[in-house]
Structure formats: structure tokens, C-alpha cells
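Undergrad: give me the fold of what follows.
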Amino acid sequence: MSSTVLALKQQQRGVRFDPRAKFLALIVVASLLLSIGNEGLMGLVRIVLALVPFVLLVISRHIKSGVAYVFIYLIASGVSVLSSMFLKGPLLFLALGVTGVMRQFLPGVMMGYWFVSTTTVSEFMAACDRIRLTQSIEIPLVVMMRYFPTIAQDYSQISDAAKMKAMGLSQGPIAAIENRLVPLLASAVRGGEDLSAAALTRGLGAPIHRTNICEIGFHACDMLLLSVCVLGAALVFLLGVV
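TA: Numbering: from 1, shown residues only. You can find the predicted model right below:
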């Protein structure tokens, strides 16, 4: 019964990657995009690397998130080009700064979103055990993986409650932000404490060997993903040397 449910969940998630391959791809793509420029062949490499999160989101059946990411990235790129053509002075500096930050960090953020949304806690813990990661590092990472989705869910509930009580923009933007921000901060503090307590209650800090029903391992898709990462890193290195 349990194996059938796990297989069904894996089919709903699309192509399944090993957590170790996903984490390495996250580090490589985010690091390369922060270190390369926009001129010449480096600009072409940047475009290819920026498309990696979109492809991964689509094949993992997060199509809406992938389309939204590409749409925002294209808008930032278009605004950057138009600003260089029509703006001058402080406005040009502001527009290029905002769009530059978005183009630098957005692909890495989406890679992180893909990693968190497609990796279960059990799979992540199994990967940590395979690489012999110490519990002092593993437990905080596990708590963080559960923390951000919990905060997003709490914000959705707070927003729905505010709409039901008609506490929207009609009361002013400051009041609308306050009605959501204050409950969210309180929920964030309480959520962090609850998740930490739950992690310890489930024995994550116990000095024993834990069993895990998740089966992880490298497959053809992982080899392809790692090959793209290695090829991108090698190309950036060669272009930088030349």
C-alpha cells in the first residue's frame, strides 16, 4: 500500500532527480550566474543557464511557476534594454540596478524553489545520510526545508482571513501591510519553534542509525543534469581564461 502511494506521488512530480544532483545543480547554476558578465559569449552562456530553471520546473510539472519565471525574466531584460535606450541619469542607474539584481538572483531563487518543491524531507535526509553529513548541519537544513513552505501556507491563510474581514487596500496601504505582516511575523516565530521541536521529537538528534523508506540513486536524468552543470562550468572557465 505504502509503496503504491509513493509511486503515485513520484509520477505526479514528473521527472525524478536525485537530491544530491539537484543540490549540486542549484549551487553551480546560482554561482555561475553571479560570476559571469553579459558581454559576448558570456551573455549567451548566461541565457542558457537562465533557461535551466525553466526546463527543470516544466519537466517537474511546475509549469505555471516556470512560465511565470520566464515572463518576469523577460520583462526585466526588456526593461534593461529600453532603459539604456531612453533613460539617463539617476533613473537609468535605478532601472539598471533593479533589473540587474533581478536577472542575477532570480534564476538562483527559482533553482532553490525547484529544489525545495520537488524534494521531500525523507529524500533529503536519505541524501544527507549517503554523503555522511553531520546532524549539526542536517537538522537545521531539514527544518529550513519545512519552514519556508509553512510560512507560505500561513501567509495564504492570513491573506484569506484579511479578505473575509474586508481588511484590504480600502483601509490604506499601511493598514493592509500591517494586517498581514504582524500576524505573519508571529506565525513565523511560532512555526520555527514548532518545527524545531517536531524535528527533535521525531528523533533526528538521537545518536542512532535511522531507517528510511526512500530509495535514491543516480539515473540517466541525473547524469544529464550533472553533465550540463560541468559543461557550463568548464565553458565559463575557458572563456574566462581566453
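
Undergrad: and Ala76, what element?
TA: helix 63-86 (DSSP states H and E).

Undergrad: correct me if wrong: Ile72 contacts Met102.
TA: Yes: counting by CB atoms under 8 Å, Met102 is a contact partner of Ile72 at 7.2 Å. Using the backbone N, CA and C atoms, a C-beta is placed for each residue, glycine as well.

Undergrad: out of these two, which sits in the busier spot?
TA: Using other CB atoms under 10 Å as the criterion, Ile72 and Met102 rank with Met102 on top: 18 against 14.

Undergrad: in which helix or strand does the more buried one reside?
TA: helix 89-118.

Undergrad: check which residues of that helix are buried.
TA: 95, 99, 102-104, 106-108, 110-111, 113-116, 118 (16 or more other CB atoms under 10 Å).

Undergrad: likewise for stretch 23-42?
TA: Phe23, Leu24, Ala25, Leu26, Val28, Val29, Ala30, Leu32, Leu33, Ile36, Met42.

Undergrad: ranges for the helices of the chain?
TA: 2-12, 19-35, 40-59, 63-86, 89-118, 121-130, 135-164, 173-201, 220-241 (DSSP state H).

Undergrad: by mean pLDDT, show me the worst of those.
TA: Among the helices of the chain, helix 2-12 carries the lowest mean pLDDT, at a mean of 44.

Undergrad: Leu225 and Leu26 touch, don't they?
TA: No: Leu225 lies out of contact with Leu26 (CB under 8 Å); the separation is 10.6 Å.

Undergrad: related to what we said a few turns ago, output the contacting helices and strands for the helix holding Ala76.
TA: Helix 63-86 sits against helix 40-59, helix 89-118, with contacts defined as 3 or more CB pairs under 8 Å, 6 or more residues apart in numbering; DSSP states H and E.

Undergrad: kindly reformat the ones you listed as TSV containing distance to Ile137.
TA: Shown next, in TSV, are the helices and strands packed on helix 63-86 (distance: least, CB to CB, whole Å):
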stretch	distance to Ile137
helix 40-59	25
helix 89-118	16
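
Undergrad: residue contacts, Val121?
TA: Val142, Met145, Arg146 (CB atoms under 8 Å, 6 or more residues apart in numbering).

Undergrad: ok, so of the residues you listed, who is nearest Ser60?
TA: Nearest to Ser60, judged by CB to CB, of the contacts of Val121 is Met145 at 16.1 Å.

Undergrad: ok, the residue lying closest to Tyr113 once chain neighbours are set aside - contacts?
TA: Using CB to CB, 6 or more residues apart in numbering and skipping residues adjacent in sequence, the residue nearest Tyr113 is Ser65, 6.8 Å away. By CB under 8 Å, 6+ apart, the contact set of Ser65 is Leu57, Met110, Tyr113, Ser117.
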